[in-house]
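Student: return a 3D structure for these sequence lines:
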Amino acid sequence: MTQHDLLIVGAGPVGMALALALRDSGLDTVLADTRPREATAADPRVLALAHGTRLTLERLGVWHALPATAIDTIHVSQRGGFGRTLIRAADHGLPALGHVASAGALAGALRSALDAADIPVLDETEVGALETGDDGITAQLAGQHAGPRRARLVVRAEGSVGAEESELLIRDYHQHALIALVEAEGAARGTAFERFTPAGPVALLPYGTAYALVHVAAPQQADELLALDDADYLARLQEHLGGRLRLTSVSERLRYPLGLRARRKPVGPRTVWLGNAAQTLHPVAGQGFNLALRDVWTLADTLLRHPGDPGAPATLDAYARRRAPDRFGTIRFTDTLVHLFSNDQPALRHLRGAGLFALDLVGPLRHFVAKRMMFGARAWP
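Tutor: As a prediction, the model looks like this:
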């Protein structure tokens, strides 16, 4: 039976980033993914990459190969209330607060780096039943590379959070997100917009010559918005955004439900969950992938600091302890933003306006928020 130190289930950006972070560790690592190789590179999703994520991708050696659009300013405001704030990269001595890139392009860059490092990926291979023992896990593989494989540590980096409800933090936000690409005129390139409305936030992220749109609405409103033709939808969206920029066209709109599902503990016997298998967050403030990559980097660092058995309980507990402050701090941060801004209560509307006004005036407070968005709850580069 083939023996590995690590079996990473899922060869998306999260799983591939972990394998690359461990390429010089001496650990025997293999990835398995149910999809064909070309599927991940065709992923149409758009990712908001914080500055801290850029630094990690530079360390992994893939940033130079990734086409990305810089965000140098974030404009935050609310509809129907006063107050707005601008967060500028120049105020923090940085060329950009973050970048926007396609998930498919990132996956392609990571896969090329894996090939160069001779790290094997078992494409079109499903990982089935797992049998955990004292010194490893036996996995039954089906598909192109069928047969049993044994690993001392299994990292689940595929799919969504699946566990008993008692093991999860769960919120149903009763919101759906519409995503699309929009063309617009009148705004400085490199400016991202986060506009809070009673139904939920509307975000526009600069993406090439267009903007990546995330439009949050109640499920029934989402139905209505999807039923509109492009012209009527753009008019409705323009009402939300005001006169900050003029929308000229929109691509096909897709939707997905929003909620919070997070494992209370992202480790188990010889198992670690990463990415969407560990937590799915609301897209407000764009923290999902950035949190996942911080998890990846800390796991790799923990395994390097604890040589020997990568699946040892003490090693996995050390990783969980290191990640808890940032992980749960980011979950609380996004959850609080959703509840604070997705309503039309007059008292909260005035409080939000005062908060945005103060954020614009008080440099240290604005710097704190910017650092948190770039580097997470523990603000590490």
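Student: helix or strand for residue 206, which one?
Tutor: Element membership of residue 206 [criterion: DSSP states H and E] is strand 200-207.
Student: just checking: what are the partner strands of that strand?
Tutor: strand 191-197 (antiparallel), strand 210-217 (antiparallel) (DSSP bridges).
Student: for residue 109, which three-state class applies?
Tutor: Of the three states, residue 109 takes helix under DSSP: H, G, I helix; E, B strand; the rest coil.
Student: what's the burial count for it?
Tutor: 23 (other CB atoms under 10 Å). (C-beta placed from N, C-alpha, C; glycine too.)
Student: residue contacts, it?
Tutor: Neighbouring residues of residue 109 by CB atoms under 8 Å, 6 or more residues apart in numbering: 62, 65-66.
Student: cutoff 10 Å now
Tutor: 13, 16, 41, 57, 60-67, 101 (CB atoms under 10 Å, 6 or more residues apart in numbering).
Student: okay, now the unreliable bits of the protein?
Tutor: 79-84, 341-381 (pLDDT under 70).
Student: domains for it, by residue range?
Tutor: 2-68+98-166+259-340, 181-257 (automatic domain parsing).
Student: would TSV of the strands paired with strand 200-207 with distance to residue 283 and mean neighbour count be doable?
Tutor: Output for those, formatted as TSV (distance: least, CB to CB, whole Å; neighbours: other CB atoms under 10 Å):
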stretch	distance to residue 283	mean neighbour count
strand 191-197	10	22
strand 210-217	5	24
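Student: of all the ones you listed, which one is nearest residue 128?
Tutor: Evaluated with CB to CB, the strands paired with strand 200-207 place strand 210-217 nearest to residue 128, the distance being 35.1 Å.
Student: report the angle between the longest helix anywhere in the chain and strand 210-217.
Tutor: In the chain, taking DSSP state H as the definition, the longest helix is helix 313-341. Relative orientation of helix 313-341 versus strand 210-217 (axes from the mean of the first three to the mean of the last three CA atoms, to 10 degrees): 80 degrees.
Student: so which bits of helix 313-341 are buried?
Tutor: For helix 313-341, a neighbour-count test (16 or more other CB atoms under 10 Å) marks 315-316, 318-320, 322-323, 326-327, 330-331, 333-335, 337-338, 341 as buried.
Student: ok so, going back, which one among the contacts of residue 109 gets closest to residue 305?
Tutor: residue 60 (18.5 Å).
Student: which residues in the stretch 251-381 of the chain form strands?
Tutor: 254-263, 267-268, 271-273, 279-280 (DSSP state E, counting those that start in this stretch).
Student: buried set for the longest one?
Tutor: Read that as strand 254-263. 255, 258, 260-263.
Student: likewise stretch 224-236?
Tutor: Neighbour counts over stretch 224-236 (16+ other CB under 10 Å) mark 225, 233-234 as buried.
Student: quick one: which of those residues is nearest to residue 188?
Tutor: residue 234 (20.6 Å).
Student: and that closest one, how far from residue 206?
Tutor: 18 Å (CB to CB, to the nearest Å).
Student: check residue 27 too.
Tutor: From residue 27 to residue 206 the distance is 39 Å (CB to CB).
Student: with residue 304 instead?
Tutor: For residue 304, the distance to residue 206 - CB to CB - is 36 Å.
Student: contacting residues for the residue most central in space within the chain?
Tutor: Closest to where the C-alpha atoms of the chain average out (CA atoms, centre = their mean) is residue 289, at 1.8 Å. For residue 289, the contact set (CB under 10 Å, 6+ apart) comprises 13-14, 17, 45, 47-50, 53, 103, 106, 275-276, 281.
Student: residues contacting the closest residue to residue 144 other than its chain neighbours?
Tutor: The spatially closest residue to residue 144, leaving aside those adjacent along the chain, is residue 124, at 4.3 Å (CB to CB, 6 or more residues apart in numbering). Residue 124 is in contact with 32-37, 39, 142-145, counting by CB under 10 Å, 6+ apart.
Student: just those: which are in strands?
Tutor: 32, 142-143 (DSSP state E).
Student: make a markdown table out of those residues and add distance to residue 197.
Tutor: Listed next are those as a markdown table, based on distance: CB to CB, whole Å:
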| residue | distance to residue 197 |
| --- | --- |
| 32 | 42 |
| 142 | 46 |
| 143 | 45 |
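Student: of the residues you listed - the most surrounded one?
Tutor: Ranked by neighbours (other CB under 10 Å), the ones in strands among the contacts of residue 124 are led by residue 32, which has 26 neighbours.
Student: sounds good, over and out.
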